[in-house]
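Asker: Prediction below, plus the sequence it came from.
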Amino acid sequence: MQLSYSVQRSSKRKTLTITVERDRRVVVHVPSNASDEAIQRVVESRRQWIFEKLHRGQKCRELPHPPGKELVTGESALYLGRSYRIEVVADGAGEIEFANRFLIPASHATRRKGAMREWYVARANEIMLPRVERHAHELGVAFKRASIVDNRYRWGSCTIHDNVSFNWRLIKAPTFVIDYVIVHELAHLIEPNHTPRFWDVVKTHVPKMGKARAWLNDNGQVLEEEI
């Protein structure tokens with residue numbers, strides 16, 4: 001079976017690593033001077049592992065329930081790992097409010113798709129970015145820029161230019177999961193590859209690393225639902 005993959009080169013990278021993204025893209029991260037032949041040899045040697053990653057777990061699992069929630073009273077929405085009741089109210093200030101439940105102006109309720117996105121993105125900037133600053137200080141690393149982005153297939157990323165970004169959908173997850181993703185990306189400023197040293201750094205700063213990874217594996221697709 002033919003195996004398609006993309007190659008990302010970096011002058012900072014010393015070794016070759018392969019990642020299988022949540023959208024099933026296979027990405028090979030290599031030093032800038034790696035030859036195409038050497039890359040092909042390594043990919044072929046990891047072929048079985050790649051196909052196992054492509055065909056297991058969340059990447060191939062159906063959503064636990066259809067993504068057909070509506071913005072109606074009695075429905076629920078996730079926030080920081082908990083489900084809160086939705087109540088549709090008269091417009092008032094015309095903005096979504098949260099008070100241990102979501103108060104949704106009637107004008108928003110008519111447009112299900114993306115109606116809560118702006119609220120979630122604002123909370124992600126408000127809650128997650130200060131946590132990035134705090135964890136960076138604790139790790140003793142410096143990033144150039146941190147941002148909240150819309151990326152359906154990655155929870156976070158760290159670029160070769162030391163910029164870090166995080167998926168706004170993480171604001172629906174528990175804080176220990178958010179902290180795991182933040183530390184995971186910041187740890188790449190210490191160790192670019194997923195080496196034993198890298199995982200030691202992450203686990204030292206996030207004792208619940210295993211629990212967080214399991215939570216994302218079990219609930220990642222739920223975070224992607226519109227509501």
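Answerer: Okay, I see it. Numbers count the residues shown, from 1 in each chain.
Asker: same for the biggest helix by length in the chain, what does it pack against?
Answerer: Longest helix in the chain by number of residues, with DSSP state H as the criterion: helix 117-139. If you count contacts as 3 or more C-beta pairs under 8 Å, 6 or more residues apart in numbering; DSSP states H and E, helix 117-139 packs onto strand 145-149, strand 163-167, helix 175-187, helix 196-205. Where you see a C-beta, it was placed from the backbone N, CA and C, and this is true even at glycine.
Asker: Go through those and pick out the most buried.
Answerer: helix 175-187 (a mean of 23; mean count of other C-beta atoms under 10 Å).
Asker: Give me the angle between it and strand 145-149.
Answerer: Relative orientation of helix 175-187 and strand 145-149, computed by axes from the mean of the first three to the mean of the last three C-alpha atoms, to 10 degrees: 130 degrees.
Asker: can you pull the contacts of the residue lying closest to L170 once chain neighbours are set aside?
Answerer: The shortest distance from L170 to any non-neighbouring residue, by C-beta to C-beta, 6 or more residues apart in numbering, is to I178 (5.3 Å). Residues counted as contacts of I178 (C-beta atoms under 8 Å, 6 or more residues apart in numbering) are 127-128, 131, 170-171.
Asker: What is the nearest of these to V164?
Answerer: Ranked by distance to V164 (C-beta to C-beta), the contacts of I178 are led by M128 at 10.7 Å.
Asker: Tell me which residues touch the closest residue to A187 other than its chain neighbours, please.
Answerer: Among residues not flanking A187 along the chain, V201 sits closest, at 4.6 Å (C-beta to C-beta, 6+ apart). Counting by C-beta under 8 Å, 6+ apart, V201 touches 139, 183, 187, 190-191.
Asker: Can you tell me which of the contacts of I178 is nearest R24?
Answerer: The nearest member of the contacts of I178 to R24, counting by C-beta to C-beta, is L170 at 20.6 Å.
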